[in-house]
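Undergrad: The sequence and its predicted three-dimensional model are supplied below.
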Amino acid sequence: MAEARLATGIWVSAYLTRLGLADIPAYVTRHGDDNAGAVMVKCAMLDGQAGLWAREWDLDSDRRRWVPLKQAPERDIDAEIARHSARDPDLWVIEIESRDGRTLLDQDGAGLRPQRAPRRSLDFSG
């Protein structure tokens, strides 16, 4: 059975929130169709290198999975994004800045929750 589809704008908003909670700077550099636009994620490693991720169908599981498309100098990744953008006017592009290449794309979103402050006992003894 095919997985349920979530509107792209909602997914992007949730992903940006997850990245923010993990202290990973991220920006929408291209706003695509809110309902059904494809998403590409560029991960700039701040050393001139970058990676590019996109979702593709996994025929074995009938699910879409995030796959790395390319790891290259940042200018080459930008050129690749420009080519995809020229063919797909509905494309979203999110840029992450992460020296270690962390994208959170390999993690289930349910596992990332904000940390709560530790409980303190209140002393009313005066």
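TA: Yep, it's here. Residues are numbered from 1 along each chain as shown.
Undergrad: Surely L19 is in a helix?
TA: Yes: per DSSP: H, G, I helix; E, B strand; the rest coil, L19 lies within a helix segment.
Undergrad: Check it and give its pLDDT.
TA: Looking at L19, its pLDDT is 97.
Undergrad: In this structure, where is pLDDT below threshold?
TA: Within the chain, the ranges that satisfy pLDDT under 70 run 1-4, 109-126.
Undergrad: Show me where it has its helices.
TA: 8-21, 74-87 (DSSP state H).
Undergrad: And those: which comes nearest S61?
TA: helix 8-21 (19.0 Å; C-beta to C-beta). Placement of C-beta: from N, CA and C, glycine included.
Undergrad: Distance from that closest one to the middle of the chain?
TA: From the chain centre to the centre of helix 8-21 is a distance of 7 Å (C-alpha atoms, centre = their mean, to the nearest Å).
Undergrad: helices or strands up against it?
TA: Judged by 3 or more C-beta pairs under 8 Å, 6 or more residues apart in numbering; DSSP states H and E, the packing partners of helix 8-21 are strand 26-30, strand 39-44, strand 92-97.
Undergrad: May I see the buried residues of the first one?
TA: With burial defined by 16 or more other C-beta atoms under 10 Å, the residues of strand 26-30 counted as buried are 26, 28, 30.
Undergrad: contacting residues for the closest residue to the first one other than its chain neighbours?
TA: The shortest distance from A26 to any residue other than its chain neighbours is 4.3 Å, reached at L19 (C-beta to C-beta, 6 or more residues apart in numbering). For L19, the contact set (C-beta atoms under 8 Å, 6 or more residues apart in numbering) comprises 25-26, 96, 104.
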